[in-house]
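S.K.: The sequence and its predicted three-dimensional model are supplied below.
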Amino acid sequence: MSLYIDVKYLNMASHRFELFKRKSDYLFNVRCPICGDSQKNKRKMRGYLFKKNNDLIYKCHNCQWSGSFGKLLKEIDSILYKQYVLERYADGEQGKGKGHNKPVEVMDFKPKFPEKSLLDTLMDKLSILPADHEAVEYAVSRGIPKESFDRLYYVDNIQNIVQLNSKYKESIKTTEPRLAIPFIDANGKLTAVSLRGMRGEALRYILVKVNEDAPTVFGLDAIDKNMPVVVVEGPLDSLFIPNSIACAGTSFNKVDELGLNKESTTIVFDNQPRNKEVCKLVDKYINLDYNVVIWPNNVEGKDINDMVNDGIDAYKLIKENTYRGLSAKAKYSLWRKI
């Protein structure tokens, strides 16, 4: 079972590797994320993941870094790593070689790579920008985990994104640079780009929809629907929570259309007990029998990002304040201020 989980999470983290190739059922070749691999040949891939007993092991033949898949995952995606640990050791399979006699299902492995050629043509990934770059400094100031920098981009001219849908040409005339947050669906297709101002712009967010029919949900390409899913409001907030998606705009009215399991889905709204629309949605999802977070009254942060910057473990707080059914209704009546 542990090998199956290793391969499953390798699939989920596959977009973290610059280059990735599956060579056989349990042999994977990657461009090493630890040392960056060859600086002379950008196509070199000298990192390998291979089966040993009932585990995946990583070894780079460039820098000689080696360790378990879990150790590698912790280096490249600490948020996903937390979820991995919970599932990997849920049945007590800890220690070297545990569970090696169990049959292992061969997973149909399909790495989740978004439309990289399009994204990389129009903008620059934060993970390749220098530390003193405006967009990187902005992300750091927000406390965004560095392992999430490869999901965020910098666009030097907002018109580069506007051109993706002629509908916006007349309404969006500005040319300023912005932080770009691409929305990728479960099939790796770009559906929208949220553009966040970094210089105190009056209009903080601008959303450009590439596919008008697709829901504006961030993170569908990165979650496992078979695991507990957390649904939040802001894309940046979702970067702090394992297996999380963010619903932008009216998409929060359509969570029940995303094919999620109600019993393992938790809805997290911003901490705005005086906002009529937020309160209306909280009440809606309580009545739809979802798990809903009701923030404790002593928490002052408006959203997850604020709470993290206040030194709060937001993921732990979410788990400790999730309610359903009658208990959710009781907590909601005490939380709302309208």
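M.R.: Cool, the structure landed.
S.K.: switch to C-alpha atoms for all contacts and neighbour counts from now on
M.R.: Fine.
S.K.: Would you mind splitting this structure into its domains for me?
M.R.: Listed domain ranges for the chain are 2-88, 116-211, 218-335 (source: automatic domain parsing).
S.K.: can you redo those domains as TSV with mean pLDDT and mean neighbour count?
M.R.: Below are these laid out as TSV (pLDDT from 0 to 100; neighbours: other CA atoms under 10 Å):
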stretch	mean pLDDT	mean neighbour count
domain 2-88	89	18
domain 116-211	91	17
domain 218-335	93	18
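S.K.: For the residue nearest to Asn211 when sequence neighbours are not counted, what are phi and psi?
M.R.: Closest residue to Asn211 apart from its sequence neighbours, by CA to CA, 6 or more residues apart in numbering: Thr191 at 4.9 Å. For Thr191, the backbone dihedrals are phi -110, psi -30 (criterion: degrees, to the nearest 10).
S.K.: I'd like the distance between Thr191 and Gln159.
M.R.: According to CA to CA, to the nearest Å, Thr191 and Gln159 sit 17 Å apart.
S.K.: do Ala214 as well
M.R.: When distance is defined by CA to CA, Ala214 is 22 Å away from Gln159.
S.K.: Then Asn287?
M.R.: In this view, Asn287 and Gln159 are 42 Å apart by CA to CA.
S.K.: Next: Trp335.
M.R.: As judged by CA to CA, Trp335 and Gln159 stand 42 Å apart.
S.K.: Could you do Tyr153 as well?
M.R.: 14 Å.
S.K.: One more: Ser38?
M.R.: Look at Ser38 and Gln159: by CA to CA, they are 35 Å apart.
S.K.: do the same with Asn298
M.R.: Asn298 is 43 Å from Gln159, by CA to CA.
S.K.: Same question for Ala131.
M.R.: For Ala131 relative to Gln159 (CA to CA), the value is 25 Å.
S.K.: go on, Thr266?
M.R.: Taken as CA to CA, the span from Thr266 to Gln159 is 36 Å.
S.K.: So what does the closest residue to Leu239 other than its chain neighbours look like in phi/psi?
M.R.: Spatial nearest neighbour of Leu239, chain neighbours left out: Ser148 (6.6 Å); criterion: CA to CA, 6+ apart. Phi and psi for Ser148, reported as degrees, to the nearest 10, are phi -100, psi 0.
S.K.: so Ser148 touches Ile241, yeah?
M.R.: No: contact between Ser148 and Ile241 fails when scored by CA atoms under 8 Å: they sit 11.1 Å apart.
S.K.: rewinding a little: for Thr216, see how far away the residue nearest to Asn211 is.
M.R.: The gap separating Thr191 from Thr216 is 7 Å, by CA to CA.
S.K.: now Leu179: how far from Gln39?
M.R.: Leu179 sits 28 Å away from Gln39, going by CA to CA.
S.K.: SS state for Leu207?
M.R.: State at Leu207, reduced to three classes by DSSP: H, G, I helix; E, B strand; the rest coil: strand.
S.K.: Looking at strand pairing, list the partners for the residue nearest to it when sequence neighbours are not counted.
M.R.: Of all residues not flanking Leu207 in the chain, Ser194 sits nearest, at 4.5 Å (CA to CA, 6+ apart). Counting by DSSP bridges, Ser194 is bridged to Ile181, Leu207.
S.K.: where's Ser194 relative to Cys279, distance?
M.R.: The value you get for Ser194 to Cys279, if CA to CA is used, is 25 Å.
S.K.: thinking Met45 is in contact with Phe28, fair?
M.R.: No: the criterion here is CA under 8 Å, and Met45 misses it with Phe28 at 10.2 Å.
S.K.: any idea which element Leu10 lies in?
M.R.: Assigned by DSSP states H and E, Leu10 falls within helix 2-12.
S.K.: Tell me the gap between that helix and the middle of its chain.
M.R.: What separates the centre of helix 2-12 from the centre of its chain is 17 Å, taken as CA atoms, centre = their mean, to the nearest Å.
S.K.: list the helices and strands that helix packs on?
M.R.: Contact here means 3 or more CA pairs under 8 Å, 6 or more residues apart in numbering; DSSP states H and E; on that basis helix 2-12 packs against strand 55-60, helix 78-88.
S.K.: which one of those lies closest to Leu258?
M.R.: Evaluated over these, closeness to Leu258 peaks at helix 78-88, with 21.1 Å, by CA to CA.
S.K.: After the closest one, which helix or strand is next? Please name it.
M.R.: Following helix 78-88 toward the C-terminus (DSSP H and E): helix 116-122.
S.K.: got the contact list for that next one?
M.R.: With contacts defined as CA atoms under 8 Å, 6 or more residues apart in numbering, helix 116-122 is touched by Val155, Asn160, Ile161.
S.K.: Closest to Gly325 out of these?
M.R.: Set against Gly325, the nearest of these by CA to CA is Ile161 (42.7 Å).
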